[in-house]
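[1] 3D, please:
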Amino acid sequence: MLYRVILEKDEDGGYVSWCPALPGCYSQGRTRKETISNMKEAIECHIESLSSQGKLVPSGEAAPDIELIEVKG
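    Down below sits the predicted model:
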């Protein structure tokens, strides 16, 4: 499955990430590559946890689109 993941640069130089389709699924890392790897593991664990609890696993397509909007300021 494919899931959209948001990565943001942290003030300490690393990255934080989350998956909009899986509320509560977060990760972080020192580099983008490490953060993506950690996020993949976090998603796999999150899906495993939902499945073991008999809960519905949202598909990646359920994630909202993300749009950049320019504003004056």
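
[2] may I have the phi/psi pair for residue 27?
    phi -160, psi -180 (degrees, to the nearest 10).

[3] how close does it sit to residue 17?
    5 Å (Cβ to Cβ, to the nearest Å). The C-beta positions use only the backbone N, C-alpha and C, and glycine is treated the same way.

[4] which residues do the two both contact?
    Taking Cβ atoms under 8 Å, 6 or more residues apart in numbering as the contact rule, residue 27 and residue 17 both touch 35, 38, 39.

[5] would CSV of those residues with neighbour count be doable?
    Output for the shared contacts of residue 27 and residue 17, formatted as CSV (neighbours: other Cβ atoms under 10 Å):
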residue, neighbour count
35, 22
38, 17
39, 24
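
[6] turn the residues you listed into CSV, columns for distance to residue 72, secondary structure and pLDDT.
    Formatted as CSV, these follow (distance: Cβ to Cβ, whole Å; DSSP: H, G, I helix; E, B strand; the rest coil; pLDDT from 0 to 100):
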residue, distance to residue 72, secondary structure, pLDDT
35, 32, helix, 97
38, 37, helix, 98
39, 34, helix, 97
